[in-house]
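Colleague: here's a sequence, model it:
(8 chains, ligands or ions: 10)
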Amino acid sequence: MEFKARVLEHTKGTWTIYPGLCKGCGLCMAKCPKGAISWSEVLGVYGTPAVESDDKCIACGICQMVCPDCAIYVEKKK
Amino acid sequence: MEFKARVLEHTKGTWTIYPGLCKGCGLCMAKCPKGAISWSEVLGVYGTPAVESDDKCIACGICQMVCPDCAIYVEKKK
Amino acid sequence: MANKPITGEQRVFMTGNEVIAYAAVMAEADIMYGYPITPQNEIMHYWTRLAPKYGKKFLQTEDELSAGFTTIGGVLAGRKAFTATAGPGNTLMQEPMSMAEMMRIPTLLIVQQRGGPSTATVIYSQQEVTMTTYGGNGEGFRIVYSTSSHQDLYDYVIKGFNTAWKYRFPTFILGDGYQAKMREACVMYDPAERGIELVKPTPYMGAPGTPGVDRKPSHMRNTYNTEEELYEVVMNLAKAYEAIIPEVVEFEELNAFEADTVIIAHGVVSRAAKGAVKELLAEGEKKVGYFRPITLRPLAVNELREIAQRAKKLIIAESSYGQLLKQIKEAIYGTDVEIHTILKPGVGITQEEIVAKYHEVK
Amino acid sequence: MANKPITGEQRVFMTGNEVIAYAAVMAEADIMYGYPITPQNEIMHYWTRLAPKYGKKFLQTEDELSAGFTTIGGVLAGRKAFTATAGPGNTLMQEPMSMAEMMRIPTLLIVQQRGGPSTATVIYSQQEVTMTTYGGNGEGFRIVYSTSSHQDLYDYVIKGFNTAWKYRFPTFILGDGYQAKMREACVMYDPAERGIELVKPTPYMGAPGTPGVDRKPSHMRNTYNTEEELYEVVMNLAKAYEAIIPEVVEFEELNAFEADTVIIAHGVVSRAAKGAVKELLAEGEKKVGYFRPITLRPLAVNELREIAQRAKKLIIAESSYGQLLKQIKEAIYGTDVEIHTILKPGVGITQEEIVAKYHEVK
Amino acid sequence: MAKVVKIALAGEGGQGVQSVAEIIAEAANEEGKEAIYIPNFGVEQRGGVSIAFIQISDEPIGSPKFEKGDIVVALSDRAVRRTRQYVGENTVFVYDSSIEGIEKDLPTNAKKILAIPALEVSKKELHPRVFNVLIMGAVLEATGVVTIEQAKKAIEKKLGYKFEKDPSLRELNYKAIDRGASLVREQ
Amino acid sequence: MAKVVKIALAGEGGQGVQSVAEIIAEAANEEGKEAIYIPNFGVEQRGGVSIAFIQISDEPIGSPKFEKGDIVVALSDRAVRRTRQYVGENTVFVYDSSIEGIEKDLPTNAKKILAIPALEVSKKELHPRVFNVLIMGAVLEATGVVTIEQAKKAIEKKLGYKFEKDPSLRELNYKAIDRGASLVREQ
Amino acid sequence: MNYPQIPKSWNIESKPHKFCPGCGHGIALKALGMVIDELGIQDKTVFGVDIGCSLLAWDFFNVDTIQTHHGRTTPVITGIKRANPELITIAYMGDGGGYAIGSQHLVNAAARNEKITVILVNNTNYGMTGGQMAPTTLPGQKTETTPYGRDVDETGYPTLGPEMVAAIAREGAYVARGTVANLRQLKGFIKKAIENQMAGNGFSFVEVLSGCPTNWRTNAKETWDFIENTMTQYFKVGELKVPGKGE
Amino acid sequence: MNYPQIPKSWNIESKPHKFCPGCGHGIALKALGMVIDELGIQDKTVFGVDIGCSLLAWDFFNVDTIQTHHGRTTPVITGIKRANPELITIAYMGDGGGYAIGSQHLVNAAARNEKITVILVNNTNYGMTGGQMAPTTLPGQKTETTPYGRDVDETGYPTLGPEMVAAIAREGAYVARGTVANLRQLKGFIKKAIENQMAGNGFSFVEVLSGCPTNWRTNAKETWDFIENTMTQYFKVGELKVPGKGE
Ligand SMILES: Cc1ncc(C[n+]2csc(CCOP(=O)(O)OP(=O)(O)O)c2C)c(N)n1
Ligand SMILES: Cc1ncc(C[n+]2csc(CCOP(=O)(O)OP(=O)(O)O)c2C)c(N)n1
Ligand code: SF4
Ligand code: SF4
Ligand code: SF4
Ligand code: SF4
Ligand code: SF4
Ligand code: SF4
Ligand SMILES: [Mg+2]
Ligand SMILES: [Mg+2]
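Modeller: Residues are numbered from 1 along each chain as shown, chains lettered A, B, ... in the order given. Ligands and ions are numbered 1, 2, ... in the order given. Just a heads-up that it's a prediction; the model follows:
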């Protein structure tokens, strides 16, 4: 099974969202220490907005950790 | 409902047994501090021997207390 | 504290579960004990909202065994107590209900059938007929009303309390997930205004006076030491039960005693059956009739036999794999009217299907 | 560790419960889960004595719900697991059995019927027929053997394990308190020596290999989201069940296909019925026969119908208020043979009573 | 049809009727007969009247319970009352002559009623403990279903381990059987 | 026989089909018609496809469910797949034109298939939140079971408390109904 | 004097009672009878007895009595109390009924702080069914289902009921363990438990260490010895929770 | 890279999973999946899911999974483990399934020291049936059956599950309470619980404080707030019982 990845390159890391997994719950957004996450134009699996991040992202990985749907993948740039 | 009483007068007290209630379990006998209780010729309600006491009885009332069938009544003489 | 939520006659448009909660209040139920299960949950939801307004009580128990046995406790204490369940919860309820059956404790249990066996679906079925009428390790000394509409739910919840307390057999309102969850109109009323007298409960435990002094103690048991004792108890139950059958039996029919082909269905499916018969009659089919047992226990055996002796064909439609069918076959044993069936465990049956079946077999 | 308690053929004189424990060992059962209830206790007592000697296991659970569900667990793990119960315990067992029915988990449940409804007596009855054949919120996709003697107990416990694992429907040995507690002779044997092949269990969970890598994961469920899904599942169960009926059905008879009056009874009562028929035949009555359904579910419908079409009268005798009677009426629907009954819930029926009834109605 | 001998034994919990019944049934089985023994059991572990039903025959036996016994033995007042229902016109009814206050409760339809001083004899001549074995002797004498020899073998099987320790017990038990038989013979 | 209008509405959990259905049914009831609304519900609280079944008639209504709808509306790809079974030769099938990848799954036996840009219009012209009200407008236009006025009253009844606080919301909802109706009219 | 000295609330018509010779149930019910007498509550008390030897007390008292199902006395009594809080409601059960098949009811009644009194007779086995293992069976103890002795590695340690209830119940609950070997103390615990209900404080629970000579196959001396010396090693007698006293 | 970073033991075919947006079950099962991966036990693990939202995980993992009845996962899993002790058996359930309808199983499995692992998701309500009171509902919390807020005088205080289990279980048991708000810690607890089973020590139990935004009707912020600040006031996070460490 494949899910389309939407890869966002930020200064500190690579931030990937799989809209096919994102249910738009906002848990990641509420937890992001940098306020880097916002609603996206891209719709998630239930037809509600998925999320996206911006360059404030420090690639701390919290959003990936808390997402109940494993819709986020964060890779720190070295 | 009536139960026939068998009243035994001892020096220290009046010791009454109701054979119609006594099941011959021996709990009283095992607890009598004076070893005053023994099996009797009189049969209890299940056709097994009832108990009786002798004059070693000090009317402490323990046998009455432990009898699960309320078959004993002890009255201390003053 | 307000006295009654309904005065006069009121047309409402709500879910069946909500209707039931109102009906229980209007039947002067005192306390509901319950454990959540879909699709009956909203009975509890509405009851808990209404309860404090009308001096009623509620207890959410730890499971259905407890819900059934606390209900029995409430009844013993002299209150109108009731409970509600469905599916696997109904399976568990058979334990307390068997005690109520043995001891003639009036209980009212509302069953909103869902798919089975096992957890299955939370939606709809008519697969709890055998269990509700004859469940547990007993002989089915119970009264079971199968409802078909919100109006029925309102009417039979009120009636069910009266039946239970009058005859002292466990009484069941057998609804289903559709009736539970759908919205449709019905008319609510104050039973008193319609001349319906509500049977008052009496305490089985804790009546006034000191037992053994002012009155006999109430010593109630369900356990016997010899088989002969038990035989007498059960035969007495049977006698008492059989004596009330004529008073309790209910059914509805349309042209059933004149028809060649009679369509039999209960509960919500009877709506499709009735609709089908009306449609067929309107189309000019004259020899078609409709019969709906309202009490599934006791069953309207005499009427069913009369129909079976006259008619040429029966079509039995139910959302189960033949639970009503079995009971009808037993009831009309000795006749040999041809029986056709629409058996659809766990799914709804439509008027179209029944009409089609009629044309197929007629 | 000894291998088998029985080699060759051995005539024994013991209680039925003891016979069952031996039969389970000889059927290569691996583990018993159980909760005490009279009159089945001694099955556990003997099993726990035998278990360590033959590498078997036992778990006493906290209630019958747990006994039923742990048994299901044992089966899922690929072991021959079984349990035993009676009366109110059987009522509770309906919850796990409904899961087994839905998921085609082979289970063997030994029921030693006692009086009902409710706690009633600990002695004897045939009042668990409806519940064992059709209990729970399901459609009765089960196999029920009704035993009549210690020999039956031995034979059908061994057979019951095979039936359960071969067809994967919950299987029941329906005994009773008399059979449980009485002593009589029977012959024990090693099934292998009689050419009976024991069906081997396979694991439903925890089979070799990594799920999703080497093999598909075993994902078993009993819950469905839509009524259409459920409908398909239940109809498939029905199809599978109906396909095996001819292989599974069992009965015993004596002159039943030639007689005018056929006496029908199951379980221990069939002994009195058979005795009565033998007595009557010996007395010169020629037109009397005896029929005993061994499987109460599925029932020998074809044979019963054949008998009903030929005979003039049936006498149905059972220690319940008509639980077998109902099923027979349904089975022979369409015929109109006269039915007479001896219905004695919770008490034994003697040969004399049956003979007397015969003379009364013939 | 083969004759079935039907026996009901009833007493108080402590009186040992169940072991007697078991021994008789086992003895019959050992003799190659068909035998059924069914204990009566209720919810009470002790305290209720204890009844044992035995049937012995040359052919397979039907219903484990029966309506009327060939011999019915009652060893207490409550037992007398409980067992009346098993007494018919072919029944020999045996009770202990020491039981008081049951005159009005004795069956009136029996073939024969025997009051035997079993309790007294066992107390005075033997030992109260073998009261039940004495009753067994009486039953065997009255029915002849098993030979006294076979019964002794069955007792040996059941109590042999006790007899090992104290051989005088064997003597006592055998005597009790014989004495029980004689009580019936004497009537 | 009185004609029964049968409607099925299906969408994802968040799309609000159940409230639309409830409003339509209530509006019909208020108009004195017979109405039945039955929500589809499964074990999942969210996540499953949500379907609402409505029937409206001048006479009492039979089975709460039906085989084929007069109008069937599907608002997501999964909804399209789930509702195909309710489409027959008399059915008008409506779906949102933004749904992708369902070409092969569209019913082939419908009387008429309408793809309407409801999502787009509500997003661009109104507010995503009134998407479902727009759908209601479309359904009312397609079936005529209730007047737009009555529907607006029913909305008022249900959401009035919100409109009190923010009257522009009322405007928005009313506009959504009208716009929904026009989407169907335009086809 | 032909009338024995029995508690006033006992029903003499049903005496001798149905328990075995030497059964501890008789002593526990004597304690309860004395408390009912002392508190003068015979007219307001409803007594519920479980299946288990407890059921033999269905006509024991001149007190309204309901004999329920195995393990179900707690909910029946809860239902009665909820429906009519004026009544004083007592559930009487065995260790099997309370800690095994009815443990969900016990645990949840305690958690909900039901205003009822539960008296549970711990005799380390299933008495009525002929002596199988109970949750309270002691390590190594032989029963019909542990014929070679209870193996704690296989089946765990005896359930400590009052300790468990005390862990669940909150302020207002009364929890104690008494023994039939100390009637006076036991009576005191039962009295406090019922008074606690009457005061409307909360759940009250008394476990009673008791003897089952029939299934233990013990004589009188051995019976007392097992209760007084063996059982009390595992089951500590005393009060575990008294309202107002903290824990 | 079109393959998301999900635990290897997750079954991607069934993703997105069936839980609501923002449901804590997803996080708890992520922790479990990671543990299964780390311990390399995917081939030996049997997973049992209760009725309750837990059932939505019936095809969640590439692990043999049995979906049982409401409250009955503990006995099913116990039955499996007893029959085949080689397997690693995990029972997954909600607070209703574990503390209400299945509490007799939980309590007795703990008492018998069954060598199984129970993971119980505490979301303070009955999620699947639409948000009724659970034994864990907080004082004053509104649910569908406590529409005016849970009244502790009427229905008692929230059940403290791990505390109860710790009071019943003996040496060898592992008992902890984690939270979806601390994945790392939760994963650690679950890992220890499973290792405890693998070591054959005894019963292991982990309660997981979790969110149910659907029935709580909370947005993401409120959900986190309720879990992290409100729930933890009543339910203390941490280890309650660790084998070898005393209590
Ligand atoms: C549902 C159900 N399961 C089992 C039984 C059988 N049963 C009757 S009493 C009993 C055990 C009694 O033990 P306990 O509760 O400890 O009471 P005791 O007899 O020891 O006082 C059991 C298992 C029953 N009556 N009902
Ligand atoms: C015997 C039985 N009773 C009731 C139900 C209905 N039921 C399904 S899930 C559930 C509650 C679930 O709550 P919880 O266990 O807390 O799990 P959650 O959904 O909150 O995760 C109930 C009562 C059932 N399926 N079976
Ligand atoms: S990685 Fe950290 S900073 Fe970046 S979006 Fe996620 S939570 Fe925010
Ligand atoms: S990425 Fe995950 S946590 Fe964030 S909104 Fe989507 S599903 Fe929720
Ligand atoms: S009163 Fe005391 S001394 Fe007298 S017999 Fe009783 S126990 Fe013994
Ligand atoms: S304790 Fe009571 S019943 Fe037992 S022997 Fe003594 S007097 Fe008799
Ligand atoms: S079996 Fe045990 S608990 Fe039951 S009455 Fe007899 S001695 Fe008492
Ligand atoms: S209802 Fe609650 S617990 Fe259940 S899936 Fe939804 S958010 Fe999770
Ligand atoms: Mg006990
Ligand atoms: Mg929950």
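Colleague: what about the longest helix in chain E?
Modeller: helix E:167-186 (DSSP state H).
Colleague: and C:L325, how far is that from C:H340?
Modeller: With distances taken as CB to CB, to the nearest Å, C:L325 is found 10 Å from C:H340. All C-beta spots, glycine's among them, are computed from the backbone N, C-alpha and C.
Colleague: ok, now C:T7?
Modeller: For C:T7, the distance to C:H340 - CB to CB - is 48 Å.
Colleague: for G:Y99, same thing?
Modeller: 55 Å.
Colleague: cool, C:Q10 as well?
Modeller: C:Q10 is 42 Å from C:H340, by CB to CB.
Colleague: between C:T7 and C:H340, which is the more surrounded one?
Modeller: C:H340 (16 against 12; other CB atoms under 10 Å in any protein chain shown).
Colleague: per-residue confidence for the more buried one?
Modeller: At C:H340, the predicted lDDT confidence score is 98.
Colleague: quickly find the element holding it.
Modeller: Using DSSP states H and E, C:H340 sits within strand C:338-343.
Colleague: please name the residues that touch the residue in chain E positioned nearest to ligand 2.
Modeller: Nearest to ligand 2 in chain E, going by CB to the nearest ligand atom, is E:V43, at a distance of 29.4 Å. Residues near E:V43 by CB atoms under 8 Å, 6 or more residues apart in numbering or on different chains: C:T223, C:N225, D:T121, D:V122, G:L55, G:L56, G:M128.
Colleague: what subset of those residues is also close to ligand 6?
Modeller: Applying CB under 6 Å from any ligand atom, the subset of those adjacent to ligand 6 is empty.
Colleague: could you dump these to TSV with pLDDT?
Modeller: Shown next, in TSV, are these (pLDDT from 0 to 100):
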residue	pLDDT
C:T223	97
C:N225	92
D:T121	97
D:V122	96
G:L55	98
G:L56	97
G:M128	97
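Colleague: out of those residues, who's near chain E?
Modeller: C:T223, C:N225, D:T121, D:V122, G:L55, G:L56, G:M128 (CB under 8 Å from any CB of the partner chain).
Colleague: what about the residues you listed, which are in helices?
Modeller: Going by DSSP H, the helices hold none of the ones next to chain E among the contacts of E:V43.
Colleague: closest to chain B among the residues you listed?
Modeller: Chain B lies nearest to G:L56 out of the ones next to chain E among the contacts of E:V43, by CB to the nearest CB, at 11.9 Å.
Colleague: and the strands in chain E, which stretches?
Modeller: In chain E, the segments counted as strands under DSSP state E are E:4-11, E:34-39, E:50-57, E:71-74, E:92-96, E:112-116.
Colleague: which ones are touching the one residue in chain A that gets nearest to ligand 10?
Modeller: Nearest residue of chain A to ligand 10: A:P68, at 15.5 Å (CB to the ion). Counting by CB under 8 Å, 6+ apart, A:P68 touches A:C25, A:L27, H:F19, H:G22, H:C23, H:G24, H:H25, H:G26, H:I27, H:K30, H:V180.
Colleague: looking at chain A, which residue is nearest ligand 9?
Modeller: A:P68 (46.8 Å).
Colleague: before we move on, which element is the residue lying closest to that residue once chain neighbours are set aside in?
Modeller: Nearest residue to A:P68, sequence neighbours excluded (CB to CB, 6 or more residues apart in numbering or on different chains): H:G26, at 2.7 Å. Using DSSP H and E, H:G26 sits in helix H:24-39.
Colleague: what's the pLDDT at the closest residue to ligand 4 within chain E?
Modeller: Per CB to the nearest ligand atom, E:V43 is where chain E lies closest to ligand 4, at 59.6 Å. Turning to E:V43, the model gives it a pLDDT of 82.
Colleague: what of E:A2?
Modeller: 67.
Colleague: re earlier: can you list the buried residues in the longest helix of chain E?
Modeller: Residues E:169-170, E:172-184 are the ones in helix E:167-186 that count as buried (16 or more other CB atoms under 10 Å in any protein chain shown).
Colleague: closest one to H:V206 out of the residues you listed, please.
Modeller: Distance to H:V206, by CB to CB, is smallest for E:L169 among those, at 61.9 Å.
Colleague: the closest one contacts E:G160, doesn't it?
Modeller: No. At 10.2 Å, E:L169 does not count as touching E:G160 under the criterion of CB atoms under 8 Å.
Colleague: so for these two, which residues contact both of them?
Modeller: Common neighbours of E:L169 and E:G160 (CB under 8 Å, 6+ apart) do not exist.
Colleague: and chain G, which residues reach ligand 7?
Modeller: G:F19, G:C20, G:C23, G:H25, G:C53, G:N123, G:G127, G:M128, G:C212, G:P213, G:T214, G:N215.
Colleague: who touches stretch E:179-187?
Modeller: Residues contacting stretch E:179-187 (CB under 8 Å, 6+ apart): E:94, E:114, E:116-118, E:121-122, E:125-126, E:133-142, E:148.
Colleague: can you give me the helices in the chain?
Modeller: Looking at chain A here, since you left the chain open. Counting by DSSP H, the helices of chain A are A:27-31, A:62-66.
Colleague: that's the wrong chain, I wanted chain C
Modeller: C:16-26, C:41-50, C:64-76, C:87-103, C:129-134, C:150-167, C:177-181, C:227-248, C:269-282, C:301-310, C:323-331, C:351-361.
Colleague: do you know which of these lies nearest chain B?
Modeller: Closest among the helices of chain C, using CB to the nearest CB: helix C:227-248, at 21.2 Å.
Colleague: residues in contact with E:N29?
Modeller: D:F13, D:A185, E:A35.
Colleague: which of those lies closest to chain G?
Modeller: D:F13 (21.1 Å).
Colleague: could you find the closest non-adjacent residue to that closest one?
Modeller: With CB to CB, 6+ apart, the residue lying closest to D:F13 is E:N29, at 4.3 Å.
Colleague: what's the spacing between that neighbour and ligand 3?
Modeller: 82 Å (CB to the nearest ligand atom, to the nearest Å).
Colleague: OK, contacts around E:T91?
Modeller: E:K68, E:G69, E:D70, E:I71, E:V72, E:P107, E:N109, E:A110, E:K111.
Colleague: nearest to ligand 6 among those?
Modeller: Using CB to the nearest ligand atom, these come closest to ligand 6 at E:V72, 30.2 Å.
Colleague: thought the closest one was touching E:Y86?
Modeller: Yes. At 5.1 Å, E:V72 and E:Y86 qualify as touching, with contact defined as CB under 8 Å.
Colleague: gap between the nearest residue to C:I20 once chain neighbours are set aside and chain D?
Modeller: Spatial nearest neighbour of C:I20, excluding adjacent residues (CB to CB, 6+ apart): C:I43 at 5.0 Å. As judged by CB to the nearest CB, to the nearest Å, C:I43 and chain D stand 18 Å apart.
Colleague: so what's the residue count around the residue of chain G found nearest ligand 4?
Modeller: Evaluated by CB to the nearest ligand atom, chain G has G:A111 as its residue closest to ligand 4, separated by 34.0 Å. Number of residues near G:A111 (other CB under 10 Å) recorded here: 26.
Colleague: cool, and C:A300?
Modeller: With other CB under 10 Å as criterion, C:A300 counts 22.
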